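A.B. asks: Provided below are the primary sequence and the corresponding predicted coordinates.
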2 protein chains.
Amino acid sequence: MAEHNPSPEYLDPAKIIKIFDALSHPVRIKILGILYENRQYISELARIIGISRPLLYIHLRKLEEAGLVKASMEISSDGKATKYYELTHFDMRLTPQMLHEISKEINLEDEKSQ
Amino acid sequence: MAEHNPSPEYLDPAKIIKIFDALSHPVRIKILGILYENRQYISELARIIGISRPLLYIHLRKLEEAGLVKASMEISSDGKATKYYELTHFDMRLTPQMLHEISKEINLEDEKSQ
DNA sequence: TTCACATGTAATAATTATATTACATATGAA
DNA sequence: TTCATATGTAATATAATTATTACATGTGAA
């Protein structure tokens, strides 16, 4: 019983902060809104939103690292490699109490909280 | 009835994104956690967290602009001007559906969505 | 007057985030 | 072979965020 008792995943500050950071840009909210209606592949998603593909990669990486979207590579019927992105499930209630709980897990001296 | 029907406040993307942005830094979460327990004045808050006052101002500004904290200037019994910060009330549920609703209000051509 | 607090800002540096252009690869169809 | 489509990255430029140091003001108490 000498083990450290880790916080449940949903109380890990670094993870939660990654989620907030991922949601802090209109393009990324737009991406999530589009993926809510249907999964999309990268090139098509870039056309829908009207941004370049390299830029879309940057935004998708943040969303993926936050766990808000996930990718799956497929070979479509015409033989082309196609990478589809889709939403994951998430449900979080944002309240002062909840942030207080998160806050208690933050050690500002610690590198990994940053 | 030629007026534009504005979105309710809680669906304003710029406002919601400001909230997410305000929550995307561990120091700011820490601030909220401390203010949850008690209101604090600036110098004391800087000492508790262990950061410089100018830096604290930067973080407090973001939290205030997002509407997560509010300030009130007081003259304490010893005559010193003291600015107290306290939490506001907020309660938001974060789901794919909710982000989809927000997303529909985002016009990426529009400056004020940025 | 000097000290210990409180308020606030200006100027700068360092780092991270955002965005663009150019490049490279692979596939099927014309 | 050439074209149109898909994948991805490298290199660069610009802008925003984060953080520090130095400065300025005002008050009450010693």
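C.D. replies: Perfect, thanks for sending it. Residues are numbered from 1 along each chain as shown, chains lettered A, B, ... in the order given.
A.B. asks: where does the prediction get shaky in chain A?
C.D. replies: A:1-9, A:111-114 (pLDDT under 70).
A.B. asks: alongside chain B, which residues does it contribute?
C.D. replies: Counting by C-beta under 8 Å from any C-beta of the partner chain, the positions of chain A adjacent to chain B are A:13, A:16-17, A:20-21, A:23-27, A:29-30, A:32-34, A:36-37, A:49-51, A:87, A:89-97, A:99-100, A:102-104, A:106, A:108, A:113-114. Yep, even glycine has a C-beta here, placed from its N, CA and C like the rest.
A.B. asks: helices - which of those land there?
C.D. replies: Assignment to helices by DSSP state H places the following of the residues of chain A next to chain B there: A:13, A:16-17, A:20-21, A:26-27, A:29-30, A:32-34, A:36-37, A:49, A:96-97, A:99-100, A:102-104.
A.B. asks: if I look at the closest residue to DNA strand C within chain A, how far off is residue A:85?
C.D. replies: Using C-beta to the nearest atom of the strand, the single residue of chain A nearest to DNA strand C is residue A:79, 2.5 Å away. For residue A:79, the distance to residue A:85 (C-beta to C-beta, to the nearest Å) stands at 21 Å.
A.B. asks: next up, the contacts around residue A:49.
C.D. replies: Residues in contact with residue A:49 (C-beta atoms under 8 Å, 6 or more residues apart in numbering or on different chains) are A:27, A:30, A:31, A:34, A:56, B:108.
A.B. asks: on that earlier part again, against residue B:53, how distant is the residue of chain A closest to DNA strand C?
C.D. replies: In this view, residue A:79 and residue B:53 are 62 Å apart by C-beta to C-beta.
A.B. asks: residue A:19 too?
C.D. replies: To residue B:53, residue A:19 is 29 Å away according to C-beta to C-beta.
A.B. asks: ok, residue A:30 next?
C.D. replies: Per C-beta to C-beta, residue A:30 is found 38 Å from residue B:53.
A.B. asks: neighbour count for residue A:19 and residue B:53, which is higher?
C.D. replies: Just comparing residue A:19 and residue B:53: by other C-beta atoms under 10 Å in any protein chain shown the higher neighbour count belongs to residue A:19, 20 against 12.
A.B. asks: let me know how buried the closest residue in space to that one that isn't next to it in sequence is, in neighbour terms.
C.D. replies: Among residues not flanking residue A:19 along the chain, residue A:66 sits closest, at 4.7 Å (C-beta to C-beta, 6 or more residues apart in numbering or on different chains). Using other C-beta under 10 Å as the criterion, residue A:66 is surrounded by 20 other residues.
A.B. asks: for residue A:17, see how far away residue A:66 is.
C.D. replies: As judged by C-beta to C-beta, residue A:66 and residue A:17 stand 9 Å apart.
A.B. asks: now residue A:96
C.D. replies: The gap separating residue A:96 from residue A:17 is 17 Å, by C-beta to C-beta.
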